[in-house]
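>>> What would the 3D arrangement of this be:
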Amino acid sequence: MIDQQYLLHIIENALQEDVNTGDITTICTVPAGTQITGRFLAKGEGVLCGTDVAKAVFAYVDGDIQLDFHFHDGDLLKRGDVIADIRGNAAAILTGERTALNLMQHMSGIATRTRATVELVKDYDVKILDTRKTTPGLRMLEKHAVRVGGGHNHRFSLADGILIKDNHIQAAKGITNAVNAARRRAPFTLKIEVETETLAQVLEALDVKADIIMLDNMTTEQMKEAVALIDHRAIVEASGNMAQRDIREVASVGVD
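Numbering: from 1, shown residues only. Sure, this is the predicted structure:
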C-alpha cells in the first residue's frame, strides 16, 4: 500500500520538474476545451505495476480525466496489449502523460526484473529481497514494485532494523562489541543483523548470537561452509553483486 501523502509529494515534484511554468507546446497548439481519447499499449512483455500511481497523476492534473485500466498490478503483459483507455481534456492529458508513464514504466521494469529473478529460484526455499539502494525520493514506489514482482522488502529506512556492516564493525572495533552495544541500546523487538566477509566473522557473529548473518561477496564454497556452520541458528542472507552471479547456484547453498 502506497502512502497517499508520500505519492502526492512525488507527483507534485515530478510535474513541477516536467511542466515547469507551463506546457508551452500544448498551450500554443491545442484549442482550449478540446477533448481526446487515447490508449496505453504494451511495447513488450513484462509485469505491469504502477496503475494507481498513473491514476493519481492524471487525477492531480484534472479530476475529470477518465482512465480505465484493463489489467491490474502484477499482471503479465504481452506486446500489443491495450493496458488502458484514457479520455478527457486534451491539454490536461498531454501535460500529465509523461510523468504518469515515466513512473509506471519505471515501476513495471522493477516488477518485471524481480519476477524474473523470483522465477529463477522458485525451486528453492528462499526469498528475494531488495535493498536501500533505491532512487532517492522514489523508495516507496520501488519497494512496492518489488512486492508486485513477487519479491520481499528489506529495510525501508535506517530506523527499521539494525544492520551492522563493515564500517560499523571497524568503528566499534569488532563484531562482538558492535552487537553487544546494539543489544544494550536498541529495543528488544528489533532483530540484529551482521554483515560478514569471512568464516571467522561468521563464527564471531554466531558466538554473540546475531539474529541474521549476511554473507557478503563470498564465493559459493565459502557460503556452503558458512551455512553449515550456522546450522539454522540464525537467518542467513547472501548479498553482493547478485546481478552478476548465478542466482540459482547461490540459492542452492541453503541461504534463506
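>>> mind listing what V208 touches?
For V208, the contacting residues are I175, T176, V179, N180, by CB atoms under 8 Å, 6 or more residues apart in numbering. No exception for glycine: its C-beta is placed from N, CA and C like everyone else's.
>>> ok, now which ones touch the closest residue to the first one other than its chain neighbours?
Just to be clear, that refers to I175. Counting by CB to CB, 6 or more residues apart in numbering, E204 is the residue found nearest to I175 once chain neighbours are left out, at 4.5 Å. For E204, the contacting residues are G174, I175, T176, by CB under 8 Å, 6+ apart.
>>> so which strand or helix has the residue nearest to the first one when sequence neighbours are not counted?
Right, G174. Distances taken as CB to CB, 6+ apart place E204 nearest to G174, at 7.4 Å, with adjacent residues excluded. Per DSSP states H and E: E204 is located in helix 199-207.
>>> What residues of that helix count as buried?
Buried positions in helix 199-207, judged by neighbour count with 16 or more other CB atoms under 10 Å: Q201, V202, E204, A205, L206.
>>> Let me know the closest of those residues to E221.
Among these, V202 lies closest to E221 (CB to CB), at 13.5 Å.
>>> contacting residues around the closest one?
V202 makes contacts with T196, I213, L215, A226, L229, I230, as judged by CB under 8 Å, 6+ apart.
>>> Now intersect those with the helices, please.
Those of the contacts of V202 mapping onto helices are A226, L229, I230, per DSSP state H.
>>> Follow the chain on from the helix ranked longest in the chain and name the next helix or strand.
Selection of the longest helix in the chain by residue count, based on DSSP H, yields helix 90-120. Remark: after helix 90-120, the chain's next helix or strand is helix 139-148, criterion DSSP H and E.
>>> which secondary structure elements does that following helix contact?
Under the contact criterion of 3 or more CB pairs under 8 Å, 6 or more residues apart in numbering; DSSP states H and E, helix 139-148 touches helix 4-19, helix 90-120.
>>> Which stretches in the stretch 151-256 of the chain count as helices?
Under the criterion DSSP state H, counting those that start in this stretch, helices of the stretch 151-256 of the chain are mapped to 166-172, 175-185, 199-207, 220-230, 247-252.
>>> who wins for proximity to M104 among those?
With CB to CB as the measure, helix 247-252 is the member of the helices of the stretch 151-256 of the chain nearest M104 (26.5 Å).
>>> circling back: for the helices of the stretch 151-256 of the chain, which one ends up most surrounded?
helix 199-207 (a mean of 18; mean count of other CB atoms under 10 Å).
>>> Next, the angle helix 220-230 makes with that helix.
Computed by axes from the mean of the first three to the mean of the last three CA atoms, to 10 degrees, the angle separating helix 199-207 from helix 220-230 equals 20 degrees.
>>> so what's the closest residue to D125 other than its chain neighbours up against?
Ranked by CB to CB, 6+ apart and with sequence neighbours excluded, the top spatial neighbour of D125 is D256, at 7.9 Å. Listed by CB under 8 Å, 6+ apart, the contact set of D256 reads D125, V126, K127, I235, V236, E237.
>>> Among these, which one sits closest to A90?
So of the contacts of D256, ranked by how close each gets to A90 (CB to CB), first place is K127, at 45.9 Å.
>>> gap between that closest one and V118?
Note on K127: its distance to V118, by CB to CB, to the nearest Å, is 9 Å.
>>> For those two, list the residues in contact with both.
G151.
>>> Outside of stretch 124-138 itself, list whatever touches it.
When contacts are defined by CB under 8 Å, 6+ apart, stretch 124-138 is touched by residues 10, 13, 106, 114, 117-118, 121, 139, 142-143, 146, 150-155, 157-158, 237, 239, 248, 251-252, 255-256.
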